[in-house]
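*Asks:* got a structure for you, letters missing:
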């Protein structure tokens, strides 16, 4: 190999990836401000249609406050019974928790408010941060436990074992093995430490998804065929590692015949997957900002175009799922960076999730009761038909 060929190989294998990684750092850091993230994809801002939906829900809440006391009894959390104490068929309530980085801390507040109100949580599907919060909760950890993992930064340190600037500085060393024929999957982090941390954070005896007290699915994107898949069995650590494997930052996760990256790439708000878990009534928790109009001058800042493009894409796919939900809760996460390292942002998101849910409780309970009556009527109709068939026989 002559000198020219050697320099060409050096540029292709080492320098070009290094320059790319530096570019990634320049673009990502203004958005993220830190690598100490909850390990989530940059989530979309809400489409105009979802903004209208949120306003409608708020109006419905005010109306419901006047028309109903919201004092009806609900079955206990995680119930899998088919009837409640009144003998009526039990309405299975499911949560669809969206990805959204630090904004996804709002899921903790939402779940806490639902618990206090006695609204059942019979199944959960989550993407990225939604999968992390939802998965730990479904395994048996309390909202206080999950909040402590976040506010103590244990979760952050488990996700980012080495800060991004340091990791990028070491990129040339990481690419040296390519010269000797070793080709690991693309990405700055493997994610094994995070998977181990999550597994140990789940209660003993509930570290396999099939053993959870609440049916659960973590959504991840299969890079091989470009489709989203629910992970409903196996180790919780591996599942959440896959669901939150941000491209470029984290290496894809090899599970079976699939190679997974962050679920938010394809399905950021898993409403349909929640229903597939058996939910009769799906509450979608959307943690995106509103996709508002912007000015040309807003896109002179480094990273602004990439941020907007991502938000436009995810707003579109989220809007489709929002229309399929029975109820939408949209906490106010304005001003919270997707990968913020600030504890005040995490606290703000948690509090916003709880406050917004409290505001909508009357409307939510009324909607659940209406749905339960509908199911009871269907059961009665089936019983009548069955009785008539028996008499005819």
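*Replies:* Okay, I see it. Treat the numbers as computed from the prediction; the structure is a model and nothing was measured.

*Asks:* tell me the phi and psi of residue 95?
*Replies:* Dihedral pair for residue 95: phi -110, psi 130, per degrees, to the nearest 10.

*Asks:* partners of the closest residue in space to it that isn't next to it in sequence in the sheet?
*Replies:* Distance criterion Cβ to Cβ, 6 or more residues apart in numbering; nearest residue to residue 95, sequence neighbours excluded, is residue 124 at 4.7 Å. Where you see a C-beta, it was placed from the backbone N, CA and C, and this is true even at glycine. Beta bridges link residue 124 to residue 95, residue 216, judged by DSSP bridges.

*Asks:* what about the strands in the protein?
*Replies:* 93-97, 123-127, 216-222, 227-231, 253-255, 258-262, 281-285, 327-329 (DSSP state E).

*Asks:* out of these, which one sits most buried?
*Replies:* Neighbour counts (mean count of other Cβ atoms under 10 Å) averaged over each of the strands of the chain peak at strand 123-127, with a mean of 32.

*Asks:* how many residues are close by residue 201?
*Replies:* Around residue 201 there are 22 other residues, counting by other Cβ atoms under 10 Å.

*Asks:* sorry, that was for residue 234
*Replies:* Counted with other Cβ under 10 Å, residue 234 comes out at 16.

*Asks:* next: residue 111.
*Replies:* 26.

*Asks:* before we move on, what about the one 5 residues further on?
*Replies:* One way to gauge burial is a neighbour count; for residue 116, by other Cβ under 10 Å, it gives 12.

*Asks:* distance of it relative to residue 354?
*Replies:* 9 Å (Cβ to Cβ, to the nearest Å).

*Asks:* just the pLDDT for residue 213.
*Replies:* Here the pLDDT value assigned to residue 213 is 95.

*Asks:* adjust the sequence numbering to begin at 30 for everything that follows.
*Replies:* Noted, 30 is the first residue going forward, which turns the last one into residue 242.

*Asks:* correct me if wrong: it contacts residue 166.
*Replies:* No: contact criterion Cβ atoms under 8 Å: residue 242 and residue 166 do not qualify, at 9.5 Å.

*Asks:* those two: which has the busier surroundings?
*Replies:* Taking other Cβ under 10 Å, residue 242 and residue 166 do not tie; residue 166 has more neighbours (29 against 14).

*Asks:* list the contacts for the more buried one?
*Replies:* By Cβ atoms under 8 Å, 6 or more residues apart in numbering, residue 166 lies in contact with 140, 150, 153, 172, 175, 243.

*Asks:* show me where the chain has helices.
*Replies:* For the chain, the helices defined by DSSP state H cover 32-39, 45-61, 77-96, 135-145, 158-168, 172-180, 183-188, 193-198, 200-204, 221-230, 265-272, 300-305, 333-351, 372-421.

*Asks:* would you mind measuring from residue 226 to residue 341?
*Replies:* Taking Cβ to Cβ, one finds residue 226 at 33 Å from residue 341.

*Asks:* now swap in residue 404 and tell me
*Replies:* 38 Å.

*Asks:* also residue 224?
*Replies:* Residue 224 is 32 Å from residue 341, by Cβ to Cβ.

*Asks:* the more surrounded of those two?
*Replies:* residue 224 (20 against 13).

*Asks:* the residue lying closest to the more buried one once chain neighbours are set aside: what's it in contact with?
*Replies:* In space, and not counting its chain neighbours, residue 224 is closest to residue 266: 3.6 Å by Cβ to Cβ, 6+ apart. Residues in contact with residue 266 (Cβ under 8 Å, 6+ apart) are 223, 224, 225, 226, 227, 228, 229, 231, 236.

*Asks:* same deal with residue 298?
*Replies:* Counting by Cβ under 8 Å, 6+ apart, the residues that residue 298 touches are 125, 127, 128, 156, 313, 315, 346, 347, 350, 351.

*Asks:* one more time with 10 Å
*Replies:* 72-73, 79, 125-129, 154-156, 159, 248, 292, 313-317, 343, 346-351, 353-354, 357 (Cβ atoms under 10 Å, 6 or more residues apart in numbering).

*Asks:* roughly how far does residue 264 sit from residue 227?
*Replies:* 9 Å.

*Asks:* what does residue 368 give?
*Replies:* Counting by Cβ to Cβ - residue 368 and residue 227 are separated by 18 Å.

*Asks:* measure the residue nearest to residue 124 to residue 321 for me?
*Replies:* Taking Cβ to Cβ, one finds residue 153 at 30 Å from residue 321.

*Asks:* again, but for residue 315
*Replies:* Distance from residue 315 to residue 321, by Cβ to Cβ: 15 Å.

*Asks:* coming back round to it: lowest average pLDDT across the helices of the chain?
*Replies:* helix 45-61 (a mean of 38).

*Asks:* neighbours of the residue lying closest to residue 365 once chain neighbours are set aside, how many?
*Replies:* Take residue 365 and drop its neighbours on the chain: the residue closest to it by Cβ to Cβ, 6+ apart is residue 374, 4.6 Å away. Residues lying near residue 374 (other Cβ under 10 Å) number 19.

*Asks:* list the contacts for residue 374?
*Replies:* Neighbouring residues of residue 374 by Cβ under 10 Å, 6+ apart: 62, 130, 131, 132, 134, 362, 364, 365, 366.
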